[in-house]
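K.L.:
Here is my input; please provide its structure:
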Amino acid sequence: MKAFSPLTLPNGTEIKNRFVKAAMEENMAEDNQLPGTALKNLYAAWAKGGVGMIITGNVMVDKMAMTGPGGVALEADTPIQPFKEWAEIAKQNNTTVIMQINHPGRQVFKKMGGKVLSPSNIALNMGKHSGLFTQPKAMSEAEIEDVIARFVTTAKRAEEAGFHGVEIHAAHGYLVSQFLSPLTNVRKDEWGGELQARAKILFDIVRQVKSSCGKDFIVSVKLNSADFQRGGFDVEDAIEVVKSLNDMGLDFIELSGGSYEAPAMQGKSGDQRTLAREAYFLTFAKQIAEHTSIPVMTTGGIKRLSVANEVLDSNMELVGIASALAYNPALINQWHVDQDTMGYIPATAWKDKTLSGLANMALVKRQLRRLGKGDKPKVNSSPLMTLIIDQVRTAKLTKRYRKQYVE
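P.N.:
Reported below is the predicted structural model:
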């Protein structure tokens with residue numbers, strides 16, 4: 001079965017199987033945005049659970065620009081020892097460990113403060129929830145160059161810490177994705193206009209990370225197959241970007257989709273296109289994979305081995321699993337024994353889609369925290385109570401963050 005067979009990446013690294021723990025929002029950092037005991041326990045559970053590769057949750061390149069107050073940040077002057085310990089624990093059981101590196105751009109909650117940057121000063125449209133976010137500042141040339149340098153610095157420090165590689169996040173409506181989208185990038189300079197110019201920031205980051213890190217260091221990109229917003233970054237754009245990435249020495253590309261405005265990564269499109277119930281982006285990923293020799297990974301709501309096999313039989317080399325591994329970190333080991341074992345993913349279906357999405361994320365994060373404490377996940381948690389707990393916890397962490405960095 002291909003799913004349990006090894007894969008050799010272009011740089012020569014061998015992944016022991018095709019299952020990848022895809023990135024999830026964790027918000028479990030300790031003081032000063034550092035990884036601590038809870039994250040180490042969580043990643044130990046995944047490594048022991050049998051995945052071939054782990055991609056961390058967001059590690060931010062600037063502690064003044066965070067998606068959430070409990071996020072991890074790795075900068076030039078960040079203490080490296082906690083990251084070395086995190087990498088070492090995650091690498092047990094012959095697991096390959098990749099640090100996802102990111103900048104949120106305009107997707108920063110107003111209560112956080114800090115930097116709220118974007119290629120253009122176009123605010124998030126979240127309907128009645130738009131007030132949760134700040135009007136972003138259109139970036140200057142110097143700010144763009146600073147962000148590129150920060151991605152490179154974080155990649156070099158990830159290598160120093162012992163991670164096998166990095167994944168540059170260019171999806172889900174975060175900063176690099178904002179540059180790619182004609183809806184959020186209306187610049188008239190070299191960073192805007194035609195797609196190749198809108199993609200310049202991504203290409204510059206990739207080239208500079210590749211030239212700054214060792215040949216054995218894995219460099220990958222997470223890209224939207226589409227934004228699922230009318231007039232946004234679409235499949236044809238993704239194909240063009242992937243074609244350009246072909247000659248840059250990437251080791252794999254992860255294809256996902258959506259943003260805060262159109263949370264396709266939770267199975268909800270913003271432009272009425274229907275997403276599959278599992279492997280949301282497979283139809284789109286297959287179209288894109290035809291145009292590259294780089295190994296392609298896709299994720300999105302996968303909880304059955306039969307669906308994982310379908311992904312791998314569709315010209316994908318890696319299959320990403322996220323929420324199902326929050327509820328059962330040993331799912332891959334169990335599939336070795338019983339191929340019919342089904343993972344669990346919460347599906348809150350309230351009328352308010354934004355609140356539903358937040359509740360589902362809160363439910364997953366609650367299980368991650370349980371794993372971080374050494375407890376077993378629970379599948380019967382109340383969505384409403386969990387969302388309230390998450391909001392209270394986030395408020396406390398936000399107060400801590402603002403006291404340290406903003407006020």
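K.L.:
what ranges do the helices span in the stretch 1-150 of the chain?
P.N.:
For the stretch 1-150 of the chain, helices defined by DSSP state H, counting those that start in this stretch occupy the ranges 37-48, 81-90, 141-161.
K.L.:
what would those helices look like in TSV with mean pLDDT and mean neighbour count?
P.N.:
To be clear about C-beta, it is placed using only N, CA and C from the backbone, and glycine gets the same treatment. Below are the helices of the stretch 1-150 of the chain laid out as TSV (pLDDT from 0 to 100; neighbours: other CB atoms under 10 Å):
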stretch	mean pLDDT	mean neighbour count
helix 37-48	98	20
helix 81-90	98	19
helix 141-161	98	19
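K.L.:
could the ones you listed be laid out in a markdown table, adding distance to Gln208?
P.N.:
Formatted as a markdown table, the helices of the stretch 1-150 of the chain follow (distance: least, CB to CB, whole Å):
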| stretch | distance to Gln208 |
| --- | --- |
| helix 37-48 | 28 |
| helix 81-90 | 21 |
| helix 141-161 | 5 |
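K.L.:
Between those, which one is closest to Thr299.
P.N.:
helix 37-48 (14.5 Å; CB to CB).
K.L.:
what residues does the closest one touch?
P.N.:
Residues outside helix 37-48 that contact it (CB atoms under 8 Å, 6 or more residues apart in numbering) are 21, 26, 28-30, 54, 56, 72, 85-86, 89-93, 95, 97, 325, 329-330, 368-369, 371-374.
K.L.:
In strands only, show me those residues.
P.N.:
The members of the contacts of helix 37-48 that map onto strands under DSSP state E are Lys21, Ile54, Val72, Val97.
K.L.:
quick check, nearest of the residues you listed to Gln391?
P.N.:
Closest to Gln391, out of all of the ones in strands among the contacts of helix 37-48 and judged by CB to CB, is Val72, at 20.9 Å.
K.L.:
ok, Gln367 - how many residues close by?
P.N.:
Per other CB atoms under 10 Å, the neighbour tally for Gln367 reads 26.
K.L.:
Now do the residue nearest the centre of the chain, the pLDDT please.
P.N.:
Centroid-nearest residue in the chain, with CA atoms, centre = their mean: Ala23, separated by 4.6 Å. At Ala23, the model reports a pLDDT of 97.
K.L.:
returning to what we had before: pull out the buried residues from the contacts of helix 37-48.
P.N.:
21, 26, 28-29, 54, 56, 72, 85-86, 89-91, 95, 97, 325, 329-330, 368-369, 371-372 (16 or more other CB atoms under 10 Å).
K.L.:
coming back round to it: name the nearest of the ones in strands among the contacts of helix 37-48 relative to Val337.
P.N.:
Nearest member of the ones in strands among the contacts of helix 37-48 to Val337, counting by CB to CB, is Lys21, at 19.1 Å.
K.L.:
doesn't Met53 make contact with that closest one?
P.N.:
Yes: Lys21 is within contact range of Met53, at 7.2 Å (criterion: CB atoms under 8 Å).
K.L.:
so Ala276 touches Thr283, yeah?
P.N.:
Yes: counting by CB under 8 Å, Ala276 touches Thr283, with 6.9 Å between them.
K.L.:
what's the distance between Val392 and Lys84?
P.N.:
33 Å (CB to CB, to the nearest Å).
K.L.:
tell me the contacts of the nearest residue to Phe83 once chain neighbours are set aside?
P.N.:
Using CB to CB, 6 or more residues apart in numbering and skipping the chain neighbours, the partner closest in space to Phe83 is Ala161 (3.7 Å). With CB under 8 Å, 6+ apart as the criterion, the residues that contact Ala161 are Leu74, Ile80, Phe83, Lys84, Trp86, Ala87, Met99.
K.L.:
Report the separation between the fifth one and Thr386.
P.N.:
Noted for Trp86: a distance of 26 Å to Thr386, by CB to CB.
K.L.:
before we move on, what about the second one?
P.N.:
Remark: distance between Ile80 and Thr386 (CB to CB) = 34 Å.
K.L.:
likewise the fourth one?
P.N.:
Note on Lys84: its distance to Thr386, by CB to CB, is 33 Å.
K.L.:
Find the nearest non-adjacent residue to Asp313, please.
P.N.:
Lys2 (7.4 Å).
K.L.:
Can you report how many residues lie near the one you found?
P.N.:
Neighbours of Lys2 (other CB under 10 Å): 15.
K.L.:
for Glu236, same thing?
P.N.:
Neighbours around Glu236, by other CB under 10 Å: 12.
K.L.:
what do you get for the one 10 residues further on?
P.N.:
The criterion is other CB under 10 Å. On that basis, Asn246 has 13 neighbouring residues.
K.L.:
residues contacting it?
P.N.:
Applying CB under 8 Å, 6+ apart, the residues near Asn246 are His291, Thr292, Ser293, Ile294.
K.L.:
Show me how to select, in PyMOL, the buried members of the residues you listed.
P.N.:
Those of the contacts of Asn246 that count as buried under 16+ other CB under 10 Å are selected in PyMOL with:
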select buried, resi 292+294
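K.L.:
Listing request: residues of the stretch 201-350 of the chain with sub-threshold pLDDT.
P.N.:
264, 267-275, 277 (pLDDT under 70).
K.L.:
At which residues are the strands of it located?
P.N.:
With DSSP state E, counting those that start in this stretch as the criterion, the stretch 201-350 of the chain has strands at 218-224, 252-256, 296-298, 318-321.
K.L.:
Ignoring the adjacent residues along the chain, who's closest to Ala349?
P.N.:
Nearest non-adjacent residue to Ala349 (CB to CB, 6+ apart): Ser356, at 6.2 Å.
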